[in-house]
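Participant: Need coordinates for the below:
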Amino acid sequence: MGRKPCCAKEGLNRGAWTAMEDEILVSYINDHGEGKWGSLPKRAGLNRCGKSCRLRWLNYLRPGIKRGNISDDEEELIVRLHGLLGNRYR
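Facilitator: Residues are numbered from 1 along each chain as shown. Sure thing, here's the model as predicted:
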């Protein structure tokens with residue numbers, strides 16, 4: 001008993017994304033917007049799982065995503081908030 005698989009895994013590309021796949025995904029999302037990840041690969045012409053497309057967009061391709069080291073101000077904020085809240089997350 002558990003979740004059903006998001007898609008049939010047979011025949012799908014796995015592993016590293018190519019630059020061409022990235023271009024196709026970005027172009028499709030720019031034209032049609034985010035959402036309906038389950039049907040996106042077929043409509044965009046990608047041989048990938050919808051979950052893979054969603055994660056690629058959210059973690060690597062989305063405009064405005066900040067990558068790299070945190071700034072001194074961000075580090076100071078983290079230390080200050082940790083001192084105030086401790087390890088709680090709620």
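Participant: In the protein, where is pLDDT below threshold?
Facilitator: For the chain, the stretches flagged by pLDDT under 70 are 1, 5-8, 89-90.
Participant: the helices in it, which residues?
Facilitator: Ranges of helices in the chain, per DSSP state H, are 19-32, 40-44, 50-56, 72-85.
Participant: Distance to residue 66 for these - can I get that in JSON lines?
Facilitator: C-beta here means a position set from N, CA and C on the backbone, and glycine is covered the same way. Putting the helices of the chain into JSON lines (distance: least, CB to CB, whole Å) gives the following:
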{"stretch": "helix 19-32", "distance to residue 66": "18"}
{"stretch": "helix 40-44", "distance to residue 66": "24"}
{"stretch": "helix 50-56", "distance to residue 66": "17"}
{"stretch": "helix 72-85", "distance to residue 66": "9"}
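Participant: out of those helices, which comes closest to residue 9?
Facilitator: With CB to CB as the criterion, residue 9 lies closest to helix 50-56 of these, at 10.4 Å.
Participant: quick revisit: looking at the helices of the chain, spot the one closest to residue 64.
Facilitator: helix 19-32 (13.2 Å).
Participant: so what does that closest one touch, helix or strand wise?
Facilitator: Secondary-structure packing of helix 19-32 (3 or more CB pairs under 8 Å, 6 or more residues apart in numbering; DSSP states H and E): helix 40-44, helix 50-56.
Participant: okay if I get these as CSV plus mean neighbour count and distance to residue 27?
Facilitator: Supplementary listing: the helices and strands packed on helix 19-32 in CSV, determined by neighbours: other CB atoms under 10 Å; distance: least, CB to CB, whole Å:
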stretch, mean neighbour count, distance to residue 27
helix 40-44, 17, 8
helix 50-56, 17, 13
